[in-house]
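Student: any chance you could fold what I've pasted below:
(chains A and B)
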2 protein chains.
Amino acid sequence: MRNKILTLLRQSGEKYISGEEIADKLGVSRTAVWKHIKEMRAQGYDIESHARSGYILREAPDALLSGEIHHGLETKIIGQEIICHEEIDSTNNEAKRLARNGAVEGTVVVAESQTGGKGRLERKFFSPKGKGIWFSVILRPKFLPQEAPKCTLMAAVAVARAMEEFGLEPGIKWPNDLLYENKKLVGILTEMSAEMDGINYIVIGTGINVNIDQSDFPGDIRDVATSLSMMKGEQLPRVKFFQAVLRAMDDLYGKVQREGFAPVLEEWRKYSITLGQEVKVIGVRDGEVYFGKAVDIDADGALLVDTAEGRQRVLAGDVSIRPRSGKW
Amino acid sequence: MRNKILTLLRQSGEKYISGEEIADKLGVSRTAVWKHIKEMRAQGYDIESHARSGYILREAPDALLSGEIHHGLETKIIGQEIICHEEIDSTNNEAKRLARNGAVEGTVVVAESQTGGKGRLERKFFSPKGKGIWFSVILRPKFLPQEAPKCTLMAAVAVARAMEEFGLEPGIKWPNDLLYENKKLVGILTEMSAEMDGINYIVIGTGINVNIDQSDFPGDIRDVATSLSMMKGEQLPRVKFFQAVLRAMDDLYGKVQREGFAPVLEEWRKYSITLGQEVKVIGVRDGEVYFGKAVDIDADGALLVDTAEGRQRVLAGDVSIRPRSGKW
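Tutor: Residues are numbered from 1 along each chain as shown, chains lettered A, B, ... in the order given. Sure thing, here's the model as predicted:
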């Protein structure tokens, strides 16, 4: 209902629209309209009211509210449903709960803050209130579970595209870290529920550090984390950035469904800061360490590393790029 | 408590053990002991009682009770926890619920009947009361999600081994169908929850048609389903067969953890009735149909089929073997 009122206010533009007209068009009472307006103001909407003339929307807040995110989004699949929370344990956990209960493909869960945000391998993920975009997307692709890991590359490319739109030069470290000055801007955690013949659902969780100052980060990650605002030297509009990411993801996922992952991998290569570099790889499962030159990714998204002992194919691992000092 | 009483009765063997002794050893009242004995009789245990001397266990039922399944099982991982239900929606659903809530690796969920048993691709799975073994195993392997599909081959090999122990000649149709006279004896459904770097849990659901007569099957599957008892010409002891399957799975899974899937694939080849045959493959996702000779499985467990257009690699699909008549 609130989104419908918002739409009417927006359509009315610089002209007043009366409470009666809103009430009539939406088939509710004027009191109900007034109550919603009051709640929208509490959310940060600047709505002017005039006893005779009605309402004008002066300004919308840069808050992750479904009405704002939907407004002008125009995606095909991603964001068909957008569910917003002020605070949640983790958007991935909530998205998995929703997916198990049949949520449609493209459902997006976003929160102003996460109390238990998590990254890969159960690592904690810092998600302070109002300063980032912490969200998860539910996909139900037709490809086999073996293809799913490439969704994480797709998500990284989507954020990279949005960064470019906002005048920021993206760099992706394999597989899905977006870095600035070798510090992390974005965390991506892809989870799936699958049978051997097909995927029940994939949840791609993405945490984007948007307007976070260095001093906001807790001490233990201050040296390894950064934000888009630190990169740009000014705050970014979160809703508009989020829309750009969702649009990019929608476009990329459409391509994947039609043509497979080849175009995504090609675009990933363009943004990569790993390829051509001397790297150190720590195997996630076995802890094995090796050094070599990252030469390419293959059709599975695996990183190909030429070591002294020959070519290694890395499907999962922590990769670091040789620092300029040459010292590991 | 009931399993502890059972153990004492078994240790006592042909000699009476008094209610007082049981009560003392287990730190409960004699009334509590009597109550448990009564309930065990209701489960099918033949327990003789004598006013002065106490109790003797004359015969245990061939029922899927944890005390029976645990008795002499001696596995390392599979069956550390065995949870038995008279009736359940689906053991896979229950196992997934338990896994999400932290159930230990090797937990087994088994039911006398399933009301919503399901096979691959949401197909219904017939699971009548007391006539089969409908169970699921929770694994938490360290390998990557890309390896998970091979668990389904492992489960098929485990059942094949158990069949051999009971004098039945197993034949596995790729990937995991155990057939007798081209009819299905066993259904296997492997599900997983994973991140890209690792598996949260795998649930392998296995339904074994043990003592089912042809007339027991509903009309729509009567021509395609069969049972171990039909194959053997007599009923099989379900508990003992189940133990053989769990032991085989335990042994195979231990090997996989130490050496990877190569030994499982090798053993799978031994039981295969697909390799060397002319087959028809229907792609699960795309519905594409092609014909050719099944020549091998590769390291990923994919079926390699030589067609007129060259070698096809089948990761998921419905495979049928050319009937002797030569007619598809």
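
Student: for the record, mean pLDDT for stretch A:143-151?
Tutor: Rounded to a whole number, the mean pLDDT of stretch A:143-151 is 92.

Student: and what of stretch A:242-251?
Tutor: Rounded mean pLDDT across stretch A:242-251 is 98.

Student: who touches it?
Tutor: Contact with stretch A:242-251 is made by A:64, A:69, A:72-79, A:106, A:108, A:110, A:133, A:135, A:137, A:154-155, A:157-159, A:161-162, A:165-166, A:204, A:206, A:208, as judged by Cβ atoms under 8 Å, 6 or more residues apart in numbering or on different chains. (Glycine included, C-beta is placed from N, CA and C.)

Student: drop anything exposed from the residues you listed.
Tutor: In the contacts of stretch A:242-251, burial by neighbour count holds for A:64, A:69, A:73, A:75, A:77-79, A:106, A:108, A:110, A:133, A:135, A:137, A:154-155, A:157-159, A:161-162, A:204, A:206, A:208, counting by 16 or more other Cβ atoms under 10 Å in any protein chain shown.

Student: buried ones in stretch A:314-326, by neighbour count?
Tutor: A:Val314, A:Leu315, A:Ala316, A:Gly317, A:Asp318, A:Val319, A:Ile321.

Student: going by distance to A:Glu21, which of the residues you listed wins?
Tutor: A:Ala316 (57.7 Å; Cβ to Cβ).

Student: give me the nearest residue to A:Lys76, chain neighbours excluded.
Tutor: Counting by Cβ to Cβ, 6 or more residues apart in numbering or on different chains, A:Asp250 is the residue found nearest to A:Lys76 once chain neighbours are left out, at 5.7 Å.

Student: and A:Gly292, bridged to which residues?
Tutor: Beta bridges link A:Gly292 to A:Val279 when assigned by DSSP bridges.

Student: re the thing from before, and the residue nearest to A:Lys76, what element?
Tutor: Assessed by DSSP states H and E, A:Asp250 sits inside helix A:238-259.

Student: just the buried residues of stretch A:314-326 now: which is nearest chain B?
Tutor: Nearest to chain B, judged by Cβ to the nearest Cβ, of the buried residues of stretch A:314-326 is A:Ala316 at 4.6 Å.

Student: just confirm that closest one contacts B:Glu195, I think it does.
Tutor: No - judged on Cβ atoms under 8 Å, A:Ala316 makes no contact with B:Glu195 at a distance of 9.3 Å.

Student: what about whichever helix or strand A:Trp34 is part of, average pLDDT?
Tutor: Assignment of secondary structure by DSSP H and E places A:Trp34 within helix A:30-43. Mean pLDDT, computed over helix A:30-43, is 93.

Student: now do stretch A:124-136
Tutor: 92.

Student: which residues sit against that stretch?
Tutor: A:63-64, A:87, A:91-92, A:94-95, A:108-114, A:117-119, A:187, A:189, A:203-212, A:216-218, A:221, A:225, A:227, A:238, A:241-242, A:245.

Student: now with 6 Å?
Tutor: With Cβ atoms under 6 Å, 6 or more residues apart in numbering or on different chains as the test, stretch A:124-136 has contacts from A:91-92, A:95, A:108-114, A:117-119, A:187, A:203, A:205-212, A:238, A:242.

Student: same thing with stretch A:58-77?
Tutor: Against stretch A:58-77 from outside (Cβ under 6 Å, 6+ apart): A:3, A:6, A:44-46, A:48, A:79, A:82, A:84, A:106, A:110, A:112, A:237-239, A:243, A:246-247, A:250.

Student: got the end-to-end distance for it?
Tutor: 31 Å (Cα to Cα, to the nearest Å).

Student: check the offset of that stretch from the chain's centre.
Tutor: 15 Å (Cα atoms, centre = their mean, to the nearest Å).

Student: just stretch A:196-211 next, same as before
Tutor: 9 Å.

Student: check whether it contacts chain B.
Tutor: Yes - using Cβ under 6 Å from any Cβ of the partner chain, a contact is recorded between stretch A:196-211 and chain B, made by A:Met196, A:Asp197.

Student: CA atoms of the helix holding A:Asp250 as PDB?
Tutor: Taking Å, rounded to 0.1, in the frame of the first residue of the first chain, the C-alpha atoms of helix A:238-259 are listed here in PDB:
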ATOM      1  CA  ARG A 238      23.100   3.800  -1.900                       C
ATOM      2  CA  VAL A 239      19.700   3.300  -3.600                       C
ATOM      3  CA  LYS A 240      21.000   4.300  -7.000                       C
ATOM      4  CA  PHE A 241      24.200   2.200  -6.700                       C
ATOM      5  CA  PHE A 242      22.100  -0.800  -5.600                       C
ATOM      6  CA  GLN A 243      19.800  -0.400  -8.600                       C
ATOM      7  CA  ALA A 244      22.800  -0.300 -10.900                       C
ATOM      8  CA  VAL A 245      24.100  -3.600  -9.300                       C
ATOM      9  CA  LEU A 246      20.700  -5.300  -9.600                       C
ATOM     10  CA  ARG A 247      20.300  -4.100 -13.200                       C
ATOM     11  CA  ALA A 248      23.800  -5.500 -14.100                       C
ATOM     12  CA  MET A 249      23.000  -8.800 -12.400                       C
ATOM     13  CA  ASP A 250      19.700  -9.000 -14.200                       C
ATOM     14  CA  ASP A 251      21.400  -8.500 -17.500                       C
ATOM     15  CA  LEU A 252      24.200 -10.900 -16.800                       C
ATOM     16  CA  TYR A 253      21.900 -13.600 -15.500                       C
ATOM     17  CA  GLY A 254      19.700 -13.300 -18.600                       C
ATOM     18  CA  LYS A 255      22.800 -13.800 -20.700                       C
ATOM     19  CA  VAL A 256      23.900 -16.900 -18.700                       C
ATOM     20  CA  GLN A 257      20.500 -18.400 -19.200                       C
ATOM     21  CA  ARG A 258      20.600 -17.900 -22.900                       C
ATOM     22  CA  GLU A 259      24.300 -18.400 -23.700                       C
END
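
Student: list the buried ones in it?
Tutor: A:238-239, A:241-253, A:255-256.

Student: what about the closest residue to chain B within the stretch 1-150 of chain A, how many residues nearby?
Tutor: For the stretch 1-150 of chain A, the residue closest to chain B is A:Pro149, as judged by Cβ to the nearest Cβ, at 4.5 Å. A:Pro149 has 25 neighbours, counted by other Cβ atoms under 10 Å in any protein chain shown.

Student: off-centre distance for stretch A:277-296?
Tutor: 27 Å.

Student: again, but for stretch A:184-201
Tutor: 14 Å.

Student: tell me where chain A has strands.
Tutor: Assigned by DSSP state E, the strands in chain A fall at A:46-50, A:54-59, A:82-88, A:108-114, A:132-139, A:172-173, A:177-180, A:183-195, A:198-209, A:278-283, A:289-297, A:303-307, A:310-314, A:317-321.

Student: now the ones you listed as CSV including distance to B:Glu39?
Tutor: Shown next, in CSV, are the strands of chain A (distance: least, Cβ to Cβ, whole Å):
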stretch, distance to B:Glu39
strand A:46-50, 67
strand A:54-59, 69
strand A:82-88, 45
strand A:108-114, 47
strand A:132-139, 45
strand A:172-173, 61
strand A:177-180, 58
strand A:183-195, 38
strand A:198-209, 39
strand A:278-283, 52
strand A:289-297, 57
strand A:303-307, 59
strand A:310-314, 56
strand A:317-321, 54
